[in-house]
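Enquirer: What shape does this take:
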Amino acid sequence: MPQSKLNLFAQLLERIDRSSFKKLVKKHQSDKHAKGISTWTHFVSMVFATGTFRLLTGYSKWST
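Expert: Got it, this is the predicted structure:
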């Protein structure tokens, strides 16, 4: 993937308040039974996968 796309991804993740994310993880105990990856890692991988799918397929729910 081009470096410019990864920089855009990093900028997107910077907009997410990690302390608020950690508070939600603690509140809902989403890392309680984690056996490999943390909730943050899972979230980042899902955002990346969704963005990559949309980028490669041109998918948009607003497309006609």
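Enquirer: For Ser19, what is the enclosing helix or strand?
Expert: Taking DSSP states H and E as the definition, Ser19 sits inside helix 18-28.
Enquirer: Any buried residues in the helix or strand following that helix, and which?
Expert: Following helix 18-28 in sequence order, the next helix or strand is helix 39-57 (DSSP H and E). For helix 39-57, the neighbour count (16 or more other C-beta atoms under 10 Å) marks Thr39, Trp40, Phe43 as buried. Placement of C-beta: from N, CA and C, glycine included.
Enquirer: Can you tell me which of these is closest to Gly51?
Expert: Phe43 (12.5 Å; C-beta to C-beta).
Enquirer: distance of the residue nearest to that closest one when sequence neighbours are not counted from Gly58?
Expert: Nearest non-adjacent residue to Phe43, counting by C-beta to C-beta, 6 or more residues apart in numbering: Phe21, 7.5 Å away. Distance from Phe21 to Gly58, counting by C-beta to C-beta, to the nearest Å: 30 Å.
Enquirer: Would you mind getting the angle between the helix holding Ser19 and helix 39-57?
Expert: Using axes from the mean of the first three to the mean of the last three C-alpha atoms, to 10 degrees, the inter-axis angle of helix 18-28 relative to helix 39-57 is 110 degrees.
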